[in-house]
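S.K.: Give me a model of this one.
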Amino acid sequence: MRPLLDGIDWWIVLWLLAGAVTGVGELLTGTLFLLPFAVGSFAAAGAAALGADPAVALGIFVFGSGATLLWAARYGKRVNAEPPATHEGANRYIDSTGIVTTALEGREAGRVRVRGELWRALSSSGETIAEESPVRVVAVRGNALVVEPYER
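M.R.: Sure thing, here's the model as predicted:
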């Protein structure tokens, strides 16, 4: 009787295992850093399964990983270059108007009511904005709305 693992090409197993480990790691982190190595490993496993020499499979791994890494870097730059959508999160308040409920004293934060919600606010120019003054939201900085006086 032949042993169960007799005749297995261990290079295929090694590349599949490397691809599985890096693929699962990518799924757990979601950073697109491990994805190129998973793609390269699976490509090398395919080459090994087709009978490629281990050196050729290693070359395919390096080329496949490098090409996918370049793609991921270009994709990441494109995604990070896009401005955030103004309708997401606190950015949806940009260009909205509100009323000061606690005066904004120079660079000190105050409070404003915008769309029925009370927010921490900063003056865009650093000028003092009195209580009950109308304001317009011009930006979001951290967890505060940046406002300027608004003439109705």
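
S.K.: any idea how far the closest residue to residue 143 other than its chain neighbours lies from residue 94?
M.R.: The shortest distance from residue 143 to any non-neighbouring residue, by CB to CB, 6 or more residues apart in numbering, is to residue 120 (6.3 Å). Where you see a C-beta, it was placed from the backbone N, CA and C, and this is true even at glycine. Distance of residue 120 to residue 94, given as CB to CB, to the nearest Å: 16 Å.

S.K.: Lowest-scoring secondary structure element of this protein by mean pLDDT?
M.R.: helix 54-81 (a mean of 89; mean pLDDT, DSSP states H and E).

S.K.: about what we covered before: show me the beta-bridge partners of the residue nearest to residue 143.
M.R.: Here residue 120 sits in beta bridges with residue 111, residue 144, going by DSSP bridges.

S.K.: just checking, it touches residue 146?
M.R.: No: applying CB atoms under 8 Å, one finds residue 120 not in contact with residue 146, separated by 10.5 Å.

S.K.: Low-confidence stretches in the protein?
M.R.: Scanning the chain for pLDDT under 70 picks out the ranges 1-7, 82-88.

S.K.: all helices of it, in order?
M.R.: With DSSP state H as the criterion, the chain has helices at 10-29, 35-49, 54-81.

S.K.: hey, which of these is tucked in deepest?
M.R.: helix 35-49 (a mean of 22; mean count of other CB atoms under 10 Å).

S.K.: what sits up against that one?
M.R.: Where contact means CB atoms under 8 Å, 6 or more residues apart in numbering, the residues beyond helix 35-49 that reach it are 9, 11-12, 15-16, 18-20, 22-23, 26, 54, 56-58, 60-69, 71-72.

S.K.: Swap in 7 Å and give it another go.
M.R.: Contact with helix 35-49 is made by 9, 11-12, 15-16, 18-19, 22-23, 26, 56-58, 60-62, 64-65, 68-69, 72, as judged by CB atoms under 7 Å, 6 or more residues apart in numbering.

S.K.: what do you get for stretch 111-130?
M.R.: In this structure, residues lying in contact with stretch 111-130 by CB under 7 Å, 6+ apart are 93, 96, 98-107, 109-110, 135, 137-138, 141, 143-149.
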